[in-house]
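In: below is the sequence, then the predicted model.
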Amino acid sequence: MEPQQLGCTGGAEAVLNLQPNSSIPIAYHPHFGPHDDLILLEIDGKLLPDILHQKVTLRGQLNEEAVLCTQSKTYSIKFVGNSNSVCLIPPADQSALLEHPQYSDEKYDDQRDVASVIKVAPGNMELVEVAPRLDKLKLLLLENPYTSEELSEKEELYKWNDLIDRVQASDDELRSGLQALSAVEIDGYWRIVDEKYMDTILNMLLHNSVLNDWSLDALSEDEVVGVLESDGFPCKLGLHCLQVHGSKVDEGVGHSVWKLDERRICIHFARKILKDGKRKMESFMEEWTKKVPDGMQASFDMLEGEVLTEKFGVETWVHAFSVSSLPSNPAERFSMLFQERPKWEWKDLQPYIRDLTVPGLSSEGLLLKYTRKTQPNSDAEPVFSAR
């Protein structure tokens, strides 16, 4: 049985079935050539099922380097050259394997056992997990934010399929990116709601909570959305306001209860106050505590990653500098940070880099790559500057 099985093979099968300490002759395939359409791809075993079942996609525009995406991760594609010759042998093709005059003597009278090389590969592609490239998502959605004076024109709007075609991120990473941007799907298009319009909706919600004696810790979704709709706000945006500024605490059959998040509400009003520029700390804190709704307590600790302080003489000033406005690319992020300040203490720097995710690189690795650490003595706080 075994000789018969070997005799029925002659291409890749013959090599795969080759026994230890044995050999097989090779020859150029009649169609030997560069075959640029054949590329070797080296992958981790855990990715094999996704690739075999066609659960991966290549994403990128013509002017971008392509990435490979699974359901949850993104991989860059790198070419790695080979120092040795790597021969590609196709499956056995009886008609092609009959043309090997160099093996026409008696030693190799069974042409079916000749392995035909169709291409010598100069290298292979390998996959390296990378962070999703989500900065483009924000740029796309900010082209046309949703406003109170919304027009019916939809030329510059994007549906889900438009986004996965343009943004180099896996489906799961793209959904997380949309959530981080507080985007909402309206009429099939993903939108960022204009900041002033969202502020108007929130103010109306808080105003109605006073008029109707609503508890901000137990807001009925149906009642809140219904009242906002009667005030002229679309039902979808009333619910979106609850999702952006609160969290669902109870969900029954046909009934959901929401609680406004104290930190998110306080940050919202702090951003409004600082929108026009820096303020003295005392003046800012006084106005901020007055702006937040009754029952909520504004604490400066809430503003970590949202504001920076600086001293001028005996006075402390505060100004807006939100981590949400910074790029997700590490090199670009650190460049903007050092444009803002040439030197950073760790307690100030940490809130602005802890959201950076670079597969295979820890926070310490990021600091080593992009910063220079100085520490006058062991008791002093370390200071980070640009490398």
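Out: Nice, thanks for sending it over.
In: mind checking which helix or strand Leu18 is in?
Out: For Leu18, there is no helix or strand it lies in under DSSP states H and E.
In: what element comes up after the helix ranked longest in the chain heading to the C-terminus?
Out: In the chain, with assignment by DSSP state H, the single longest helix is helix 195-211. The first helix or strand that comes after helix 195-211 along the chain, using DSSP H and E, is strand 219-220.
In: that next one - what's its average pLDDT?
Out: Across strand 219-220, the average pLDDT comes to 96.
In: the helix or strand that it is followed by vs helix 195-211, what angle?
Out: The helix or strand immediately downstream of strand 219-220 is helix 221-230, counting by DSSP H and E. Angle between the axes of helix 221-230 and helix 195-211 is 120 degrees (criterion: axes from the mean of the first three to the mean of the last three CA atoms, to 10 degrees).
In: nearest the geometric middle of the protein, what residue?
Out: Residue closest to the average C-alpha location in the chain (CA atoms, centre = their mean): Pro132, at 3.0 Å.
In: so for that one, what's the pLDDT?
Out: 95.
In: show me the contacts for it.
Out: 74, 167-170, 173-174, 177, 328 (CB atoms under 8 Å, 6 or more residues apart in numbering). Heads up, the C-betas are built off the backbone N, CA and C, glycines and all.
In: which non-adjacent residue is nearest it?
Out: Ala169 (3.4 Å; CB to CB, 6 or more residues apart in numbering).
In: can you check Thr57 too?
Out: In space, Thr57 is closest to Cys69, 5.2 Å off (CB to CB, 6+ apart).
In: show only the entries of the contacts of Pro132 found in strands.
Out: Members of these lying in strands (criterion: DSSP state E): Thr74.
In: give me the lowest-pLDDT entry from the contacts of Pro132.
Out: For these, the pLDDT minimum is Ser328, 92.
In: just to revisit the earlier point, for the residue nearest to Pro132, give me phi and psi.
Out: phi -160, psi 150 (degrees, to the nearest 10).
In: can you start the count at 42 instead of 1 from here on
Out: Taking 42 as the first residue, the last one we looked at is Ala210.
In: that one contacts Thr115, doesn't it?
Out: Yes: Ala210 is within contact range of Thr115, at 5.7 Å (criterion: CB atoms under 8 Å).
In: may I ask which two of the contacts of Pro173 are separated the most?
Out: Ser211 and Ser369 (14.6 Å; CB to CB).
In: where in this protein is pLDDT low?
Out: 42-51, 134-153, 192-196 (pLDDT under 70).
In: all helices for the stretch 92-241 of the chain, in order.
Out: Applying DSSP state H, counting those that start in this stretch to the stretch 92-241 of the chain gives helices spanning 135-138, 176-182, 201-207, 212-221, 236-252.
In: which SS class is the residue nearest to Tyr411 when sequence neighbours are not counted?
Out: Closest residue to Tyr411 in three dimensions, ignoring its sequence neighbours and counting by CB to CB, 6+ apart: Phe375, at 4.2 Å. The three-state label given to Phe375 by DSSP: H, G, I helix; E, B strand; the rest coil is helix.
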